[in-house]
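Participant: Sequence first, predicted model second:
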Amino acid sequence: MSQARSVYEFNSAIVREPSTSVVDGLRADDRGGPTYEGVKAEHDVYRAALRDAGVNVTVLPPLEAFPDSIFVEDPALVFTNGAILLRPGAPSRLGEMAQIAPTLREMFDTVLELPAPGQADGGDIMYTPKGVLIGLSARTDRTGAEALISCIERLGGTARIAETPKGVLHFKTASSLLDDETVIVTSALAAAAAFDDFRKIVVPDGEEAAANILRVNDVVFASANYPRTLEMLDHHGYKVVPLKTAEIEKIDAGLSCMSLRWYDNRR
Ligand code: CIR
């Protein structure tokens, strides 16, 4: 059992230093790649914000062979009582699993592995107080999602399958948990059955990428690029930490992707 008071109470996180190869990160549309310096600057501020929010941050070394390896959220899923090694849906990212495995085996007593041939990316997985939601997407298939449900149940949790809107990379690209009762979503997910039991805050049209926020303890990390969403969150009473995401967005990433977070009972 976790002693955390909520699914977003975290005292531990893993991040990975960006590699210079991050400029070659995967992207659906090429709007010009990010610069290494730009990504590094956004990552440094993100790490500091996690620490300011009360999280102990472990920084893993860069992996030049894996341009997207800065997005540690995708190859694994972590909870207080165990971790699950996933199988990322992008072939160029498959090897990231083996790279993060030794760290997880050091930090967690139980490390499960998603059985082949299923695929699942951490970006499609939302941990909520009403169970874990797994969005099917181009990266997460039904075989992977069903196998993942079994792994989560072995750790004592519950999970169910949801749908990621077409053309959206990950389920959490378009939705995030804000608090125990509330999610922030794009209009494409506003009517999703998965969120029937939640209050929904819908991001304004034109600010879709703002739906990837990260709730950490009493603060909400949100992209500094979307002023109307920032204002809305502020209006709803959230303590917002605006963070720059202009560079990582060029390779389809947001704020949740850059860390694995959990509550460690031993701290
Ligand atoms: C990818 O396509 O895999 C990376 N360029 C972006 C990953 C973003 N990860 C996430 O949303 N969890």
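Facilitator: Sure, I can see it. Residues are numbered from 1 along each chain as shown.
Participant: So which residues on the stretch 101-250 of the chain come close to the ligand?
Facilitator: Where proximity means CB under 6 Å from any ligand atom, the interface of the stretch 101-250 of the chain facing the ligand comprises 122-123, 170, 173. C-beta coordinates here come from the backbone N, C-alpha and C atoms, glycine included.
Participant: Among those residues, which one lies nearest to the ligand?
Facilitator: Compare each of these with the ligand using CB to the nearest ligand atom and the shortest gap goes to Gly123, at 2.6 Å.
Participant: And the spatially closest residue to that closest one that is not a sequence neighbour, how far from Gly131?
Facilitator: Among residues not flanking Gly123 along the chain, His170 sits closest, at 3.2 Å (CB to CB, 6 or more residues apart in numbering). As judged by CB to CB, to the nearest Å, His170 and Gly131 stand 18 Å apart.
Participant: More neighbours: the two, which one.
Facilitator: In this comparison of His170 against Gly131, neighbours counted by other CB atoms under 10 Å, the higher total goes to His170 at 29 against 17.
Participant: Ramachandran coordinates for that one?
Facilitator: phi -130, psi 160 (degrees, to the nearest 10).
Participant: Over to Ala159?
Facilitator: For Ala159, the backbone dihedrals are phi -150, psi 150 (criterion: degrees, to the nearest 10).
Participant: So the residue nearest to Gly123 is in contact with Leu136, correct?
Facilitator: No. Distance between His170 and Leu136: 10.7 Å, which falls outside the contact criterion (CB atoms under 8 Å).
Participant: Next, the distance between the ends of stretch 185-193.
Facilitator: Between the start and the finish of stretch 185-193 there is a gap of 13 Å, counting by CA to CA, to the nearest Å.
Participant: I'd like the average pLDDT over that stretch.
Facilitator: When pLDDT is averaged along stretch 185-193, the result is 94.
Participant: So which elements touch the helix or strand containing Leu178?
Facilitator: Under the criterion DSSP states H and E, the helix or strand holding Leu178 is strand 175-179. With contacts defined as 3 or more CB pairs under 8 Å, 6 or more residues apart in numbering; DSSP states H and E, the secondary structure elements packing on strand 175-179 are strand 125-128, strand 182-185, strand 214-216.
Participant: The very next helix or strand once past the last one pairs with which strands, and in what direction?
Facilitator: Translated: strand 214-216. Sequence-wise, the next helix or strand beyond strand 214-216 is strand 219-223, with elements assigned using DSSP H and E. Using DSSP bridges, the strands paired with strand 219-223 are strand 214-216 (antiparallel), strand 240-243 (parallel).
Participant: picking that back up, could I get the helices and strands packed on strand 175-179 in JSON lines, plus columns for mean neighbour count and distance to Asp44?
Facilitator: JSON lines is the format used below for these (neighbours: other CB atoms under 10 Å; distance: least, CB to CB, whole Å):
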{"stretch": "strand 125-128", "mean neighbour count": "21", "distance to Asp44": "26"}
{"stretch": "strand 182-185", "mean neighbour count": "23", "distance to Asp44": "25"}
{"stretch": "strand 214-216", "mean neighbour count": "25", "distance to Asp44": "16"}
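Participant: Could you export those as TSV, including distance to Arg267?
Facilitator: Listed next are those as TSV, based on distance: least, CB to CB, whole Å:
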stretch	distance to Arg267
strand 125-128	19
strand 182-185	27
strand 214-216	15
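Participant: what distance separates the start and the end of stretch 49-61?
Facilitator: Terminal residues of stretch 49-61 are spaced 19 Å apart (CA to CA).
Participant: I would like the residues contacting it, please.
Facilitator: Where contact means CB atoms under 8 Å, 6 or more residues apart in numbering, the residues beyond stretch 49-61 that reach it are 10-17, 47, 72, 100, 103, 107, 216-219, 221, 241, 243, 259, 261, 264, 267.
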